[in-house]
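Peer 1: Okay, here's the prediction I keep looking at, along with the sequence it came from:
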Amino acid sequence: MDEVRDAPCRVHILVCANGRPPGGMPSCGEVGEAVFARLKGHALRTGVAHEVWVTRTGCLGLCHAAGAALAIHRPGGEGRSVFLQAVQVDEVEEVLRRYAGRAG
């Protein structure tokens, strides 16, 4: 295995889109898919997709009935990782502004 010392991205946002059957534990599912699509679309439209990576994931262990879970990592020691839960689609621009330094 090779360790990558200088990650090619500035910020990596992982978005849970894990779905579960109704009646059980909460899941990010549909809200997670919508948050992912909005984040990814914004990164592509604004030309920052090469430095702000957005990746759809399975469960991040932060399930919440009110929205999606996100893990935000800054490679290269540019600050600590941040975990968010209950993120809604209309909060995507705020997430980018606050954690990736990009306005909506």
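Peer 2: On my side now, so go ahead. The structure displayed is predicted, hence computed values, not measured ones.
Peer 1: Isn't Val95 up against Ala86?
Peer 2: No: counting by CB atoms under 8 Å, Val95 sits too far from Ala86 to count as a contact (11.8 Å). Heads up, the C-betas are built off the backbone N, CA and C, glycines and all.
Peer 1: what sits up against stretch 90-104?
Peer 2: The contact list for stretch 90-104, computed with CB atoms under 8 Å, 6 or more residues apart in numbering, reads 10-11, 13, 35, 38-39, 42, 46, 48, 52, 67, 70, 72, 82, 84, 87.
Peer 1: Tell me the one among these nearest to Pro22.
Peer 2: The closest of those to Pro22 turns out to be Gly67 (CB to CB; 16.8 Å).
Peer 1: Mind pulling up the pLDDT for the closest one?
Peer 2: What the model reports as pLDDT for Gly67 is 88.
Peer 1: residue contacts, it?
Peer 2: Contacts of Gly67 by CB under 8 Å, 6+ apart are Cys28, Val31, Val35, Gln85, Ala86, Val87, Gln88, Glu91.
Peer 1: Let's see which of these end up in strands.
Peer 2: Gln85, Ala86, Val87 (DSSP state E).
Peer 1: Any chance of TSV for those, columns neighbour count and pLDDT?
Peer 2: Shown next, in TSV, are the ones in strands among the contacts of Gly67 (neighbours: other CB atoms under 10 Å; pLDDT from 0 to 100):
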residue	neighbour count	pLDDT
Gln85	18	93
Ala86	17	94
Val87	23	96
